[in-house]
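Asks: what follows is a protein structure lacking sequence information:
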């Protein structure tokens, strides 16, 4: 399965946020990567700002270019606001939901759990990270995997709860109630700039 395997600290420093988990590098070197990172910032073009917004969303959710473009076209064909539809589809991915439920500490870790067949959807093992959930789907940990240290540690540290998800700690499963509204999604993304970029 294709995924981003490049340097994580550079991505975080580029956007000034620990998008891929390399928080200490963003704090230690709070300037852009590269030999001109500390130099005077040039005024960015409109295209550059829009492209950066798209790249940030891609890295945040761990989606590659073709997948992201396909999701955008799917969002554009759906009734409603295209940018919000796009974020809803990204939130509805299986790997993202595993992360939101607290089963994994990061989206990358969630993706790995899915690919290694530790996650079930409605009682069936699903090993496709981009699997699109529907309202009412139940995402759980496979019976044989419930004692995995990575999963139990992540669940014990789970603090944030999301209104569009329902968690049952006894069965180690969660229900995807519905797609979240934009106001419920905590990520600092500018989806309107992404729409403008694809509309050129």
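Replies: Cool, the structure landed. Everything numeric in this text was worked out from a predicted model, so none of it was measured.
Asks: phi and psi next, for the spatially most central residue of the chain.
Replies: With distances taken as CA atoms, centre = their mean, residue 61 lies nearest the centre of the chain, 2.7 Å away. The phi and psi values for residue 61, taken as degrees, to the nearest 10, are phi -100, psi 0.
Asks: any low-confidence regions in the protein?
Replies: 1-18, 20-41 (pLDDT under 70).
Asks: so who does residue 73 touch?
Replies: Not one residue lies near residue 73 by CB atoms under 8 Å, 6 or more residues apart in numbering. The way it works is simple: take the backbone N, C-alpha and C, and place the C-beta from them, glycine included.
Asks: hmm, 10 Å instead?
Replies: By CB atoms under 10 Å, 6 or more residues apart in numbering, residue 73 lies in contact with 82, 86, 198.
Asks: likewise residue 45?
Replies: residue 51.
Asks: that older thread, could I get the contacts of residue 73 as CSV with secondary structure, distance to residue 70 and neighbour count?
Replies: Formatted as CSV, those follow (DSSP: H, G, I helix; E, B strand; the rest coil; distance: CB to CB, whole Å; neighbours: other CB atoms under 10 Å):
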residue, secondary structure, distance to residue 70, neighbour count
82, helix, 14, 19
86, helix, 11, 24
198, helix, 12, 16
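Asks: so the residue nearest to the centre of the chain sits against residue 97, correct?
Replies: No - assessed by CB atoms under 10 Å, residue 61 is found out of contact with residue 97, at 11.5 Å.
Asks: can you pull the residues that touch both of those two?
Replies: Common neighbours of residue 61 and residue 97 (CB under 10 Å, 6+ apart) are residue 91.
Asks: quick one: the strands in the chain?
Replies: Taking DSSP state E as the criterion, the chain contains strands spanning 119-121, 124-125, 138-141, 165-168, 173-176.
Asks: separation between the residue nearest to the centre of the chain and residue 46?
Replies: Separation of residue 61 from residue 46 (CB to CB, to the nearest Å) stands at 24 Å.
Asks: not counting its neighbours along the chain, what's nearest residue 164?
Replies: residue 180 (4.3 Å; CB to CB, 6 or more residues apart in numbering).
Asks: isn't the one you found up against residue 135?
Replies: No - counting by CB under 10 Å, residue 135 is not a contact partner of residue 180; they are 11.1 Å apart.
Asks: neighbour count winner among these two?
Replies: Each of residue 180 and residue 135 has its neighbours counted (other CB atoms under 10 Å); residue 180 has more, 20 against 11.
Asks: contacting residues around the more buried one?
Replies: Residue 180 sits in contact with 84, 87, 88, 91, 92, 100, 162, 163, 164, 165, 186, where contact means CB under 10 Å, 6+ apart.
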